[in-house]
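In: Next come a sequence and a model predicted from it.
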Amino acid sequence: MNTDWFVVLSALLFSTGALGILLRRSPMVILLCLELMLNAGNLALVAFSRMVGNGQGQVFAVIVMVIAACEVVVGLGLIVAIFRRRLPLDVDDLRELRG
Amino acid sequence: MEEVLFFLAAIGALGGAFGVIAMRNPFYSVLALIVHLFSLAALFLLLTSAFVAAAQVVVYAGAVMVLYVFVVAYVGGGGESAWEPIPGQRFLAPLLGIALFVELSVAVLSSSLLALGEDGADVKAGFGNPAAIGRLLLEKFLVPFEASSILLLLAAVGAIVLASNRRREESA
């Protein structure tokens, strides 16, 4: 199977995730879209690793998975904290820190 | 055979991705993301990286998604308001998404990367199996491996601090 296909699919998945972040306003869905983008990056890493025949790209992919897990844990902790304070779960309403 | 599997998995991954951004209820978005992750695991298997595929299913589709489901069940999935902070956002955003895709594809495909457009290098039988990845992780990439484990620990402690309601009890 040609490497181009995997790379183009990864670009398509990445822009889908970016589109979701532009469109949606629930912080939960925005976290899910971040997952989409990280996974698209993973797919490109593994595809290039297969292309060169070197396993190091797969190690990068595993470490990206760890980063994604950290991001999810902190993001969901923030969402729970926002929910506990009875603030609206909408990224356009939570704009106090905006300059 | 390989092509058929690739296109099936690609359709699953794309369908899952569009499901995530199209569903109104966050719970269905999480379920669509699980479909997406399983399809990606199939793609990783096609790329002969068995360990990454297994980690994808066990860590992502298993553990991380369970966390999501718990938080969605706790917070509850309210619908979003139709209010647009930027006029025409719903029409502008897909245009920008398509532009990003075209840009990325042109950037990658027109680059003079070696072997792009070929089937990739011939690999030995043990390529990408747990033994090979473990050897790389514990020999060549030992420092990044340990650093990521410390990062995970910090994230777990941070999440407990963020989500605990100790401060609320003190102020009450």
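Out: Yep, that arrived.
In: buried set for the longest helix along chain A?
Out: In chain A, with assignment by DSSP state H, the single longest helix is helix A:56-84. Within helix A:56-84, the residues scored as buried using 16 or more other CB atoms under 10 Å in any protein chain shown are A:57-66, A:68-84. For every residue, glycine as well, the C-beta is placed using N, CA and C.
In: and chain B, which of those contact it?
Out: Residues of those in contact with chain B (CB under 8 Å from any CB of the partner chain): A:58-59, A:61-63, A:65-66, A:68-74, A:76-81, A:83-84.
In: Give me the three-state assignment for B:Gly126.
Out: Assigned state for B:Gly126: coil (three-state reduction, DSSP: H, G, I helix; E, B strand; the rest coil).
In: what about chain B, any weak spots by pLDDT?
Out: B:77-85, B:112-121, B:165-172 (pLDDT under 70).
In: per the record, what domains does it have?
Out: B:1-78, B:141-172 (automatic domain parsing).
In: so, in contact with chain A or not, the shortest one?
Out: Okay, so that is domain B:141-172. Yes - applying CB under 8 Å from any CB, one finds domain B:141-172 touching chain A at B:141, B:144-145, B:148-149, B:151-152, B:154-156, B:158-163, B:165, B:168.
In: So, low pLDDT: which residues of chain A?
Out: Using pLDDT under 70, chain A drops low at A:99.
In: Dump the domains of chain B into a markdown table; add mean neighbour count as well.
Out: Listed next are the domains of chain B as a markdown table, based on neighbours: other CB atoms under 10 Å in any protein chain shown:
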| stretch | mean neighbour count |
| --- | --- |
| domain B:1-78 | 19 |
| domain B:141-172 | 13 |
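In: Point out the other helices and strands that the longest helix of chain A packs with.
Out: helix A:27-52, helix B:50-55, helix B:65-75, helix B:130-135, helix B:142-163 (3 or more CB pairs under 8 Å, 6 or more residues apart in numbering or on different chains; DSSP states H and E).
In: what comes into contact with the second one?
Out: Going back to what we said before, that points to helix B:50-55. With contact meaning CB atoms under 8 Å, 6 or more residues apart in numbering or on different chains, helix B:50-55 is reached by A:42, A:46, A:58, A:61-62, A:65, B:41-42, B:44-45, B:128-130, B:132-134.
In: The same query, at a cut-off of 6 Å, please.
Out: With contacts defined as CB atoms under 6 Å, 6 or more residues apart in numbering or on different chains, helix B:50-55 is touched by A:46, A:58, A:61, B:41, B:44-45, B:128-130, B:133.
In: The fourth one too?
Out: Helix B:130-135 is contacted by residues A:55, A:58, B:51, B:126 when judged by CB under 6 Å, 6+ apart.
In: Can you lay out these as CSV showing distance to B:Ile34?
Out: Formatted as CSV, the contacts of helix B:130-135 follow (distance: CB to CB, whole Å):
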residue, distance to B:Ile34
A:Gly55, 27
A:Gln58, 22
B:Phe51, 20
B:Gly126, 30
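In: Which two of these have the greatest separation?
Out: By the measure CB to CB, A:Gln58 and B:Gly126 form the most distant pair in those, at 12.5 Å.
In: what residue lies at the spatial centre of chain B?
Out: Computing the C-alpha centroid of chain B and ranking residues by CA atoms, centre = their mean puts B:Leu37 first, at 6.8 Å.
In: Contact partners for that residue?
Out: B:60-61.
In: so which strand or helix has it?
Out: Using DSSP states H and E, B:Leu37 maps to helix B:26-46.
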